[in-house]
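1. Fold the following for me, if possible:
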Amino acid sequence: MIAAPGQPESSPIMDIKIELPSVRLGIVEADDVRVTPADGPLAQLMDDVCERTRREFTVESLAEAGPTRDVRAMFRAWGVDPSKYRPSSEALLRRVVQGKGLYRVLNVVDIGNIGSIETGWPYGCYDLGRLRPPVVFREGAAAETYEGIGKRTWHLAGRPVLADSEGPFGSPISDSTRSMITESARSVLGIIYAPSAAPVSAIEAAISRIGERLTQFAGAAAIRSAIS
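-> Numbers count the residues shown, from 1 in each chain. Next comes the predicted model:
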C-alpha cells in the first residue's frame, strides 16, 4: 500500500488485498458526502468531458487507444475476454463517442464516470458503510453471483471481483446493488482499476482529481487515498 501524495503513511484507509495480476488499485475514501443529483457545474463538466472525448476519438480509433489496449491486456491477464465481457470504462467511452453522453445518476457516481472517461480505466464507487472488511480483489468462485446494477443476476465465476467478508460486491465490468451509491450514503469508497503498466504518477493524478471533485461537488471531508 502506497500513500498518495500528501497522505501520511499512517492514514486509516482500507487495505485491499490483490490476488489478480497486472493491476494496481487507486483507492479513495471520503466521509460526510452529500449524495444528490448532479448540479449545474458538475453537469457542465460532464458535458465538457463528453465533448472533448467525441472530438478526440471515433469508435474505430478508440479500440486502438493506449488505455483501451492496456485495459484489455489487463483483462486477458485475468483470463477474461474483453470482447465478451467489456470493461466498464470501454463501455462508457463507446457510449460517449457514439454521441449518447454519460448517464446522469448521482453526483458521486457521475464523478467516477468522468474520471473513467478521462483515463480510460474502470472506476467503481461504493457505499463504504455497506462494506465489511477485509476486502480482496480476486477471481470469482464457482456459483458466486450478485444482483447487478441495471441487470439481472450476474454470474461471477472466473471474473474479476471485489469481495468483502459477505462476498463479492464490485467488479470492473459491472457492480452490485448491495454496495451501490444511493442518496443515503455518507461515506464513499472509490476504486480505480489501473493497468500495472500505467505510471504511478498518472494513478496519483487520477486519485487527486476524484478526491478534489468529491470535495467540490459532494461536500466530502476527510479524504484518504492510497495505491495498492
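
2. quick one: the helices in the chain?
-> 40-56, 59-64, 66-77, 88-97, 107-119, 200-218 (DSSP state H).

3. Kindly compare burial across those helices and name the winner.
-> helix 107-119 (a mean of 24; mean count of other Cβ atoms under 10 Å). C-betas here are computed from N, CA, C, even on glycine.

4. That one relative to helix 88-97, how many degrees between them?
-> Orientation note: helix 107-119 sits at an angle of 80 degrees relative to helix 88-97 (axes from the mean of the first three to the mean of the last three Cα atoms, to 10 degrees).

5. thinking again about what came up before, among the helices of the chain, which is nearest residue 154?
-> Closest of those to residue 154 is helix 88-97, at 12.5 Å (criterion: Cβ to Cβ).

6. ok, and what's touching that closest one?
-> 50, 53-54, 57-59, 62, 67-68, 71-72, 82, 101-102, 113, 116-117, 119-124, 172-174 (Cβ atoms under 8 Å, 6 or more residues apart in numbering).

7. Now tabulate the helices of the chain in a markdown table and tack on mean pLDDT and distance to residue 133.
-> Output for those, formatted as a markdown table (pLDDT from 0 to 100; distance: least, Cβ to Cβ, whole Å):
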| stretch | mean pLDDT | distance to residue 133 |
| --- | --- | --- |
| helix 40-56 | 96 | 30 |
| helix 59-64 | 94 | 36 |
| helix 66-77 | 98 | 24 |
| helix 88-97 | 97 | 23 |
| helix 107-119 | 98 | 20 |
| helix 200-218 | 97 | 20 |
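
8. Can you add distance to residue 185 and give those back as JSON lines?
-> Converted to JSON lines, the helices of the chain look like this (distance: least, Cβ to Cβ, whole Å):
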{"stretch": "helix 40-56", "distance to residue 185": "16"}
{"stretch": "helix 59-64", "distance to residue 185": "32"}
{"stretch": "helix 66-77", "distance to residue 185": "27"}
{"stretch": "helix 88-97", "distance to residue 185": "19"}
{"stretch": "helix 107-119", "distance to residue 185": "7"}
{"stretch": "helix 200-218", "distance to residue 185": "10"}
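
9. any idea how far residue 225 is from residue 34?
-> According to Cβ to Cβ, to the nearest Å, residue 225 and residue 34 sit 20 Å apart.

10. between the two, which one's more packed in?
-> Counted by other Cβ atoms under 10 Å, residue 225 and residue 34 do not tie: residue 225 has more neighbours, with 24 against 13.

11. Please look at that one and residue 25 and confirm they touch.
-> No: if you go by Cβ atoms under 8 Å, residue 225 and residue 25 don't touch, sitting 11.0 Å apart.

12. Now do the shared contacts for those two.
-> Counting by Cβ under 8 Å, 6+ apart, nothing touches both residue 225 and residue 25.

13. Mind pulling the model confidence for residue 3?
-> Note on residue 3: pLDDT of 58.

14. give me every residue that touches the spatially most central residue of the chain.
-> Geometric centre of the chain, nearest residue: residue 123, 1.2 Å, by Cα atoms, centre = their mean. Applying Cβ under 8 Å, 6+ apart to residue 123 gives the contacts 88-89, 112-113, 115-116, 190-193, 210.
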